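>>> Sequence first, then the predicted structure:
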Amino acid sequence: MRLTGYVLRRLAQSIVVLLLVTMIVFTMLHELPGGTARAVLGERATNTSIEEFNEEHALDKPLPVQY
């Protein structure tokens, strides 16, 4: 009985931590100078390649959809 309660508490804590970590990483990626596409494609990326990258990875969608 005590083991079940412990496991459930730890599972709930793990879910909260996982959710917070994904939100922090998501926010940090959106705060990159030039955006995620510029960070991945590099400084010499053209506007066309950035638009294609954003469309391919759904970065042109609203934030809840991206998350």
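Nice, I can see it. Numbers count the residues shown, from 1 in each chain.

>>> elements contacting the helix ranked longest in the chain?
Longest helix of the chain, by residue count under DSSP state H: helix 2-30. Counting contacts by 3 or more Cβ pairs under 8 Å, 6 or more residues apart in numbering; DSSP states H and E, helix 2-30 is packed against helix 35-41. All C-beta spots, glycine's among them, are computed from the backbone N, C-alpha and C.

>>> Give me the contacts around whatever helix or strand comes next after the helix it packs on.
Counting by DSSP states H and E, the next helix or strand C-terminal to helix 35-41 is helix 47-56. Contacts to helix 47-56, defined as Cβ atoms under 8 Å, 6 or more residues apart in numbering, come from residues G35, A37, R38, V40, L41, A45, L59, D60.

>>> Which one (most neighbours) among those residues?
Each of those was scored for neighbours by other Cβ atoms under 10 Å, and A37 scores highest at 22 neighbours.

>>> got a list of what M23 touches?
With Cβ under 8 Å, 6+ apart, M23 has these contacts: Y67.

>>> returning to that earlier point: what's the closest of the contacts of helix 47-56 to F26?
L59 (11.4 Å; Cβ to Cβ).

>>> The closest one in helix, strand or coil?
Per DSSP: H, G, I helix; E, B strand; the rest coil, the secondary structure class of L59 is coil.

>>> All good on my end, thank you.
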